[in-house]
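K.L.:
Below is the structure, and that's it, no one-letter string:
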């Protein structure tokens, strides 16, 4: 490990790998540090991505795709459901393979990867951070300097906070997630299943994502609060029993999913925060891979311009990242956050009504694109009593 780089990336998840790979291909000297011993492991993710959005950022390799999804099913508390067909709706990825391939491509482009290496502290001089402290095997502490630092260390990451960015979140701003990968289950390989209801997953939803002929990622999210009656595992195991009966558990994973926190935590000085560390997740579904890749890609473009002195000031740097990312994603992420805050307040009766209205709306539509605002307005037209949804989403205080 050298002591001086153009760019140091903290974290080798989707956001960090994309950022490091783009920077390395541009000829910059890049160090990427990863606290775990292996890139891509452990996998704490449902691994589903929207197909068209994913392909706009990176070409999917066949080896990355466990299954291609063409349909989605939303099941209401009372059992009513509607199916939605959408060409190239999405992929369920082999995220481990994808991340390991990206890591190899990063190294082949000249990047340096250090696993089992923990970023502990970042020091500032003037308006710019200049030194990162790293703890390597044997608890040795090393120091590296760089022109740009990119924090991609995930939800649990600490670098942004040590840099003075307040990215803390309260219990009511996050969900607990638990997922079991099951084998020997009866599923439809091209369909994502979503289940809502306060007896299934209070404040969130359960999911069934196919990973092969008889393998699926099955999980649920729940609002983090003190009022729930059971543990997340109890809700999940009850759901699995009702949906599948008996099944073989291959793997368990879990974590937390904080909601989008807006513009304020994506950068400070020459530290750019990307991916889950920047809380750029879809607050409605918890999806984060595509936003992580996009934020890493745009942050890398900003880093390249800064290192190559195409721009010179921190203000110009922030005009590239996070501004370009926010221009693309802020409205969408804010809208999903508002929808989420509305959805958690619905009773099972209201969820049944909403699913029925969605079913009636989509019977008359051929879906070529997905615009949540247009869909909401169409649903309200079917169910005027849901007008409170529009008032909640579009009224600005």
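P.N.:
Right, received. Where do you want to start? Because the structure is a prediction, the values reported are computed rather than measured.
K.L.:
Would you map the helices across the stretch 251-397 of the chain?
P.N.:
With DSSP state H, counting those that start in this stretch as the definition, the stretch 251-397 of the chain shows helices at residue ranges 289-307, 314-320, 323-343, 348-363, 372-382, 387-394.
K.L.:
winner for burial among the ones you listed?
P.N.:
Most buried of those by mean neighbour count (mean count of other C-beta atoms under 10 Å) is helix 289-307; its value is a mean of 26. In this view, the C-beta of every residue, glycine as well, is placed from N, C-alpha and C.
K.L.:
just checking, what packs against it?
P.N.:
strand 4-10, helix 14-25, strand 48-50, helix 51-57, strand 140-151, strand 271-273, helix 314-320, helix 323-343 (3 or more C-beta pairs under 8 Å, 6 or more residues apart in numbering; DSSP states H and E).
K.L.:
could you dump those to CSV with distance to residue 180?
P.N.:
Shown next, in CSV, are the helices and strands packed on helix 289-307 (distance: least, C-beta to C-beta, whole Å):
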stretch, distance to residue 180
strand 4-10, 30
helix 14-25, 22
strand 48-50, 15
helix 51-57, 25
strand 140-151, 31
strand 271-273, 31
helix 314-320, 41
helix 323-343, 24
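K.L.:
show me the contacts for the residue nearest to residue 223 when sequence neighbours are not counted.
P.N.:
In this structure, residue 223 finds its nearest non-sequential neighbour in residue 203, 3.1 Å apart by C-beta to C-beta, 6 or more residues apart in numbering. Residues near residue 203 by C-beta atoms under 8 Å, 6 or more residues apart in numbering: 175, 221-223, 225, 344.
K.L.:
Surely residue 203 forms part of a strand?
P.N.:
No - going by DSSP: H, G, I helix; E, B strand; the rest coil, the assignment for residue 203 is coil, not a strand.
K.L.:
Look at it and report its pLDDT.
P.N.:
With respect to pLDDT, residue 203 scores 80.
K.L.:
try residue 314
P.N.:
Per-residue confidence (pLDDT) for residue 314: 95.
K.L.:
Report the separation between it and residue 234.
P.N.:
The gap separating residue 314 from residue 234 is 49 Å, by C-beta to C-beta, to the nearest Å.
K.L.:
what's the answer for residue 67, then?
P.N.:
The value you get for residue 67 to residue 234, if C-beta to C-beta is used, is 29 Å.
K.L.:
Ok, residue 307 next?
P.N.:
51 Å.
K.L.:
can you give me the strands for the stretch 101-250 of the chain?
P.N.:
In the stretch 101-250 of the chain, the strands defined using DSSP state E, counting those that start in this stretch lie at 112-115, 118-125, 128-136, 140-151, 174-183, 191-195, 206-210, 215-223, 248-258.
K.L.:
Can you add distance to residue 98 and give those strands back as CSV?
P.N.:
Output for those, formatted as CSV (distance: least, C-beta to C-beta, whole Å):
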stretch, distance to residue 98
strand 112-115, 16
strand 118-125, 23
strand 128-136, 26
strand 140-151, 19
strand 174-183, 16
strand 191-195, 18
strand 206-210, 15
strand 215-223, 15
strand 248-258, 16
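K.L.:
Would you mind putting these into JSON lines with mean pLDDT and mean neighbour count alongside?
P.N.:
Below are the strands of the stretch 101-250 of the chain laid out as JSON lines (pLDDT from 0 to 100; neighbours: other C-beta atoms under 10 Å):
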{"stretch": "strand 112-115", "mean pLDDT": "96", "mean neighbour count": "17"}
{"stretch": "strand 118-125", "mean pLDDT": "90", "mean neighbour count": "16"}
{"stretch": "strand 128-136", "mean pLDDT": "93", "mean neighbour count": "18"}
{"stretch": "strand 140-151", "mean pLDDT": "95", "mean neighbour count": "21"}
{"stretch": "strand 174-183", "mean pLDDT": "89", "mean neighbour count": "21"}
{"stretch": "strand 191-195", "mean pLDDT": "93", "mean neighbour count": "20"}
{"stretch": "strand 206-210", "mean pLDDT": "94", "mean neighbour count": "24"}
{"stretch": "strand 215-223", "mean pLDDT": "90", "mean neighbour count": "24"}
{"stretch": "strand 248-258", "mean pLDDT": "87", "mean neighbour count": "15"}
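K.L.:
Residue 275: which of the ones you listed is closest?
P.N.:
Closest to residue 275 of those is strand 140-151 (C-beta to C-beta; 8.7 Å).
K.L.:
quick one, that closest one and helix 14-25 angle?
P.N.:
Taking axes from the mean of the first three to the mean of the last three C-alpha atoms, to 10 degrees, one finds strand 140-151 and helix 14-25 inclined to each other by 90 degrees.
K.L.:
Just name whatever secondary elements strand 140-151 is in contact with.
P.N.:
With 3+ C-beta pairs under 8 Å, 6+ apart as the test, strand 140-151 has strand 4-10, helix 14-25, strand 128-136, helix 159-162, strand 271-273, helix 289-307 packed against it.
K.L.:
Can you say which of those is nearest to residue 181?
P.N.:
Closest among the helices and strands packed on strand 140-151, once you apply C-beta to C-beta, is helix 289-307, at 17.0 Å.
K.L.:
Show me the shaky parts of the chain.
P.N.:
171, 225-229, 363-397 (pLDDT under 70).
K.L.:
Domain ranges for it, per the record?
P.N.:
4-43+96-167+260-321, 66-92+170-257, 338-394 (automatic domain parsing).
K.L.:
Dump those domains to a markdown table, plus distance to residue 57.
P.N.:
Shown next, in a markdown table, are those (distance: least, C-beta to C-beta, whole Å):
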| stretch | distance to residue 57 |
| --- | --- |
| domain 4-43+96-167+260-321 | 5 |
| domain 66-92+170-257 | 13 |
| domain 338-394 | 17 |
